[in-house]
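J.: Fold the following for me, if possible:
(chains A, B, C and D)
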There are 2 protein chains.
Amino acid sequence: MPRKGEIKRQQIVSTANELFYQRGFHQTSLADIADACGIPKGNFYFYFKTRDDILNAVVDGREERLKARLEGWEKKYADPLHRLVRMSEIIVRDWAEIVRFGCPMGTLALELSKQDDEPRQHALGQFELIVAWAQAQFAALLGPRDALTLARQMLLRMQGAAVLANAFSDETWLFEEQRAIAAWLEAMVPDRTHKE
Amino acid sequence: MPRKGEIKRQQIVSTANELFYQRGFHQTSLADIADACGIPKGNFYFYFKTRDDILNAVVDGREERLKARLEGWEKKYADPLHRLVRMSEIIVRDWAEIVRFGCPMGTLALELSKQDDEPRQHALGQFELIVAWAQAQFAALLGPRDALTLARQMLLRMQGAAVLANAFSDETWLFEEQRAIAAWLEAMVPDRTHKE
DNA sequence: GTCTATAGACAGATAGAC
DNA sequence: GTCTATCTGTCTATAGAC
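T.: Model (predicted):
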């Protein structure tokens, strides 16, 4: 595939990524994407076989960026505790977007959970990445015993905060819960002091 | 309106309630509802002005049942701690449905959060009821100081567990989190022992 | 006749697919 | 840009109760 086509393909995926997040997958038509990136709708099927294919490409992109993010935290913070606190902070750093559109992973997973099968499993990949990463941090911090349970609990609390902040259009849910999570994390290792 | 019409109206609302929960609101067409309760689609507009009207009727019904549920707990359990523990148990009692279709309130709120305005606010009513009720229980237990924050946190954790159990089709999220919530609640009042 | 309720055909818009 | 399917919502004809 020549360069020009690849650029346009990336442009479609990038536009679709935003629209799927902001409006939801089912509420975003091909015409919406076409209008947003200024190409005729007929051209889609040169790049993608079906609408689900676009979704898969979008999910791939998100997964890549998530991996990069997690690796970035590992490099930046040597202490697993710091890494986990940093992870909890995404709900306050991105609070405005979460209040408006919810968590990108959560809303998509919930939307797909009621029907599709193939893209559904695919979209779960991001959650699995996060759980595995958090599990590794908890294991390094406290041993492998309860690491999975703790990792799940942390993800679950962030997810719940995102859902309710979005539903109520109220960022308080995010800020209060992030503080609670940070306190919960630091109470696990009372002999350390966390410093940004 | 005479009796016969009211019965059929209720039948439509009841069928729509199930379908909206199982398939989602946007993925349930009038034809779906019509097929499910065996009436022609043209007949809908004798009972409801628009599709949103059906949703409003569904939400009204859910709100009524929720109120009855909360009042039932108040009558059955005198101790606010018991009431809260009982509330946390809905995610394990209804685990099978939650795994398949998610939390009825959460999925609907999330679906509506990306667009509609009028039914959206309406659907939030159920969350507000629960938060207010839980806040009252926490206030009775520990005083009014942190009651709202604690009520939000509890709802948030249940919601997060529901989202992830649904996304992963894995009830473990629900069972583990319910135990964690119960332990968290009982740790707040260490001088009491909870007994079912 | 009139009110309640039923029945289905039909219009206009929009979707995905090619 | 065209094709087909489907969606919401409308329109009219009709059946029975009082």
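J.: Now do the helices in chain A.
T.: In chain A, helices defined by DSSP state H lie at A:3-23, A:30-37, A:44-47, A:51-76, A:80-88, A:90-93, A:95-101, A:104-113, A:118-142, A:147-168, A:172-188, listed in chain order.
J.: Report the angle between the fourth one and helix A:104-113.
T.: Just to be clear, that refers to helix A:51-76. 150 degrees (axes from the mean of the first three to the mean of the last three C-alpha atoms, to 10 degrees).
J.: Between helix A:3-23 and helix A:51-76, find me the angle.
T.: 90 degrees.
J.: one step back: Serialize the helices of chain A to a markdown table and add fields for mean neighbour count, distance to residue B:102 and mean pLDDT.
T.: Glycine gets a C-beta too; all of them are placed from N, C-alpha and C. What follows is the helices of chain A, written out as a markdown table (neighbours: other C-beta atoms under 10 Å in any protein chain shown; distance: least, C-beta to C-beta, whole Å; pLDDT from 0 to 100):
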| stretch | mean neighbour count | distance to residue B:102 | mean pLDDT |
| --- | --- | --- | --- |
| helix A:3-23 | 16 | 19 | 88 |
| helix A:30-37 | 16 | 26 | 91 |
| helix A:44-47 | 15 | 31 | 88 |
| helix A:51-76 | 16 | 20 | 96 |
| helix A:80-88 | 20 | 24 | 98 |
| helix A:90-93 | 17 | 20 | 98 |
| helix A:95-101 | 17 | 18 | 97 |
| helix A:104-113 | 24 | 6 | 94 |
| helix A:118-142 | 18 | 13 | 96 |
| helix A:147-168 | 24 | 10 | 98 |
| helix A:172-188 | 18 | 19 | 97 |
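J.: Out of those, which is closest to residue B:160?
T.: With C-beta to C-beta as the criterion, residue B:160 lies closest to helix A:147-168 of these, at 2.8 Å.
J.: now check the closest one, is it near chain B?
T.: Yes. Applying C-beta under 8 Å from any C-beta of the partner chain, one finds helix A:147-168 in contact with chain B at A:149, A:152-153, A:155-161, A:163-164, A:166-168.
J.: Count the neighbours of residue A:40 for me.
T.: Other residues lying near residue A:40 total 9 when counted by other C-beta atoms under 10 Å in any protein chain shown.
J.: Quick check: it touching residue A:34?
T.: Yes. Taking contacts as C-beta atoms under 8 Å, residue A:40 lies within contact range of residue A:34: 6.4 Å.
J.: number of nearby residues for whichever residue of chain A sits closest to DNA strand D?
T.: Using C-beta to the nearest atom of the strand, the closest approach of chain A to DNA strand D is made by residue A:42 at 2.8 Å. A total of 9 residues lie near residue A:42 under the criterion other C-beta under 10 Å.
J.: which parts of chain A sit against DNA strand C?
T.: A:28-32, A:41-42, A:44-45, A:49-52 (C-beta under 7 Å from any atom of the strand).
J.: TSV for these, including distance to chain B?
T.: Listed next are those as TSV, based on distance: C-beta to the nearest C-beta, whole Å:
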residue	distance to chain B
A:28	10
A:29	13
A:30	17
A:31	17
A:32	13
A:41	21
A:42	26
A:44	22
A:45	24
A:49	22
A:50	18
A:51	15
A:52	15
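J.: domain ranges for chain A?
T.: A:1-49, A:59-188 (automatic domain parsing).
J.: Now do the contacts for residue A:168.
T.: Contacts for residue A:168 (C-beta atoms under 8 Å, 6 or more residues apart in numbering or on different chains) come out as B:124, B:127.
J.: 6 Å - rerun?
T.: Not one residue lies near residue A:168 by C-beta atoms under 6 Å, 6 or more residues apart in numbering or on different chains.
J.: And for the one 3 residues further on?
T.: By C-beta under 6 Å, 6+ apart, the contact set of residue A:171 is A:95, A:99, A:165.
J.: returning to that earlier point: state the distance from the residue of chain A closest to DNA strand D to residue A:6.
T.: Distance, residue A:42 to residue A:6, using C-beta to C-beta, to the nearest Å: 19 Å.
J.: can you check residue A:90 too?
T.: From residue A:90 to residue A:6 the distance is 30 Å (C-beta to C-beta).
J.: Which of the residues of helix A:147-168 next to chain B sits closest to DNA strand C?
T.: For the residues of helix A:147-168 next to chain B, the nearest to DNA strand C is residue A:166 (22.9 Å; C-beta to the nearest atom of the strand).
J.: That closest one contacts residue B:112, doesn't it?
T.: No. Taking contacts as C-beta atoms under 6 Å, residue A:166 lies outside contact range of residue B:112: 10.5 Å.
J.: Redo the helices of chain A as TSV? Include distance to residue B:72.
T.: Formatted as TSV, the helices of chain A follow (distance: least, C-beta to C-beta, whole Å):
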stretch	distance to residue B:72
helix A:3-23	39
helix A:30-37	46
helix A:44-47	53
helix A:51-76	43
helix A:80-88	36
helix A:90-93	34
helix A:95-101	34
helix A:104-113	29
helix A:118-142	35
helix A:147-168	24
helix A:172-188	27
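J.: now those helices as a markdown table including distance to DNA strand D?
T.: Listed next are the helices of chain A as a markdown table, based on distance: least, C-beta to the nearest atom of the strand, whole Å:
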| stretch | distance to DNA strand D |
| --- | --- |
| helix A:3-23 | 14 |
| helix A:30-37 | 9 |
| helix A:44-47 | 8 |
| helix A:51-76 | 13 |
| helix A:80-88 | 40 |
| helix A:90-93 | 34 |
| helix A:95-101 | 24 |
| helix A:104-113 | 17 |
| helix A:118-142 | 20 |
| helix A:147-168 | 23 |
| helix A:172-188 | 31 |
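J.: Can you dump the C-alpha atoms of stretch A:162-171 in PDB for me?
T.: Extracted C-alpha coordinates of stretch A:162-171, given in PDB (Å, rounded to 0.1, in the frame of the first residue of the first chain):
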ATOM      1  CA  ALA A 162     -15.900   7.700  35.700                       C
ATOM      2  CA  VAL A 163     -19.400   6.300  35.100                       C
ATOM      3  CA  LEU A 164     -21.000   8.400  37.700                       C
ATOM      4  CA  ALA A 165     -19.100  11.600  36.900                       C
ATOM      5  CA  ASN A 166     -20.200  11.200  33.400                       C
ATOM      6  CA  ALA A 167     -23.800  10.300  34.300                       C
ATOM      7  CA  PHE A 168     -24.100  13.300  36.600                       C
ATOM      8  CA  SER A 169     -21.800  15.600  34.700                       C
ATOM      9  CA  ASP A 170     -20.100  16.200  38.000                       C
ATOM     10  CA  GLU A 171     -16.300  16.000  38.400                       C
END
